[in-house]
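Starting from these lines, generate the structure:
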Amino acid sequence: MSQVNLVLTLPSGSLIATSLGIEGLARHLSPGSGKYFHSRSLFIDVAFAGTRAGFSFLNEGGWRDASGDTESAIKAVLSGKRTKTALSNNAFSAIPISGYQRCYLMKTGGQVLAMEPLEKVADLKGTDCQEGMTPAEIAQACGQPEPAQRTPRYYAILAPLTIMVLSNLTPAEYAWYATRRPGKICRQVCFTEIDTEQEQLAAHSRYEDAFRELRENPAKKTKTIASEDVINEVAFESWVGFEKGVSGGLYFGTKSELHVARFPSSIPYSWEKAE
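Numbering: from 1, shown residues only. Next up is the predicted model:
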């Protein structure tokens, strides 16, 4: 019987059953040299049991049979197929974070970095987000301590959409806000904090104007900087948490919890230097 992995790929949002393993799938999907292409991605190895997903898919309103399609994909791989797509899109919003087993960062040439196991870093209260709430009010509403000082942070949002924002919110506050804000709610969110300005995504004046707006108006929560392919434009090495001794990593938030996958203590030189 073939060894099988069930892999959620981000930001594409596909769910793939494979007998190639994580590194084999990364090489299989790689477009080639990073000198000519940019195709970074995140892989999340998710649970399965026998021929079925090891979790219950979140309700999507019945527009597709996620469980049945996943079972068919696993069976196809068990019978000898190397890869089989179970869900081609929007799998991020259908798979609960409780189904995640391990997260991986993939560089263009197929180089793989395994992140540390997911760690829950915050429980978020179940109150509603009201229009016009200040960051201080959000901290109180979600049950998090108010920061001693608020400094705007850069966040790269990687799923369910890809944008870069400047925000007066902490990671826990941002997760609570993104999954509860009126008119723009997402079921769950994947993001990371960026430690430097990314001038390739927008004009420097746009960063300066946004930073000034948030500093002068501490009641403002977020300001969108760019809506480009941020995972390819912002290096993994720019993520807060890559540098040893700095807290951060890859965040996954829901209405009630915030989890983080941190960088490993030892990062292979070959991965770090790859495109």
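
just for the stretch 101-250 of the chain, where's the confidence low?
The stretch 101-250 of the chain contains residues with pLDDT under 70 at 196-206, 218.

Tell me which helix or strand the spatially most central residue of the chain sits in.
Nearest to the geometric centre of the chain sits residue 190, at 2.9 Å (C-alpha atoms, centre = their mean). Using DSSP states H and E, residue 190 maps to strand 189-194.

and the residue lying closest to residue 267 once chain neighbours are set aside, helix, strand or coil?
Among residues not flanking residue 267 along the chain, residue 113 sits closest, at 6.7 Å (C-beta to C-beta, 6 or more residues apart in numbering). C-beta coordinates here come from the backbone N, C-alpha and C atoms, glycine included. Under DSSP: H, G, I helix; E, B strand; the rest coil, the three-state class of residue 113 is strand.

Near residue 113, how many other residues are there?
Under the neighbour criterion other C-beta atoms under 10 Å, residue 113 is assigned a count of 17.

and if you look at residue 125?
Using other C-beta under 10 Å, residue 125 has 12 other residues around it.

what helix or strand is it on?
Using DSSP H and E, no helix or strand contains residue 125.

Quick one: residues contacting it.
Neighbour list for residue 125: 141, 142, 143, 176 [criterion: C-beta atoms under 8 Å, 6 or more residues apart in numbering].

Got the phi and psi for the closest residue to the third one other than its chain neighbours?
This means residue 143. For residue 143, the nearest residue in space outside its immediate sequence neighbours is residue 125; the separation is 4.1 Å by C-beta to C-beta, 6+ apart. Residue 125 adopts backbone torsions of phi -70, psi 160, taken as degrees, to the nearest 10.

follow-up on the earlier one: and the residue nearest to the centre of the chain, what are its bridge partners?
residue 159, residue 252 (DSSP bridges).

Test my guess that it contacts residue 155.
No. Applying C-beta atoms under 8 Å, one finds residue 190 not in contact with residue 155, separated by 10.7 Å.

Neighbours of residue 170, how many?
22.

which non-adjacent residue is nearest residue 54?
Spatial nearest neighbour of residue 54, excluding adjacent residues (C-beta to C-beta, 6+ apart): residue 47 at 3.1 Å.

Report how many residues lie close to the one you found.
Residue 47: 13 surrounding residues under other C-beta under 10 Å.

Sketch out the helices for the stretch 101-250 of the chain, chain order is fine.
Under the criterion DSSP state H, counting those that start in this stretch, the stretch 101-250 of the chain contains helices at 135-142, 171-178, 204-216, 230-233.

need those helices in TSV with mean neighbour count and distance to residue 255, can you?
Listed next are the helices of the stretch 101-250 of the chain as TSV, based on neighbours: other C-beta atoms under 10 Å; distance: least, C-beta to C-beta, whole Å:
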stretch	mean neighbour count	distance to residue 255
helix 135-142	20	9
helix 171-178	26	7
helix 204-216	14	25
helix 230-233	19	24
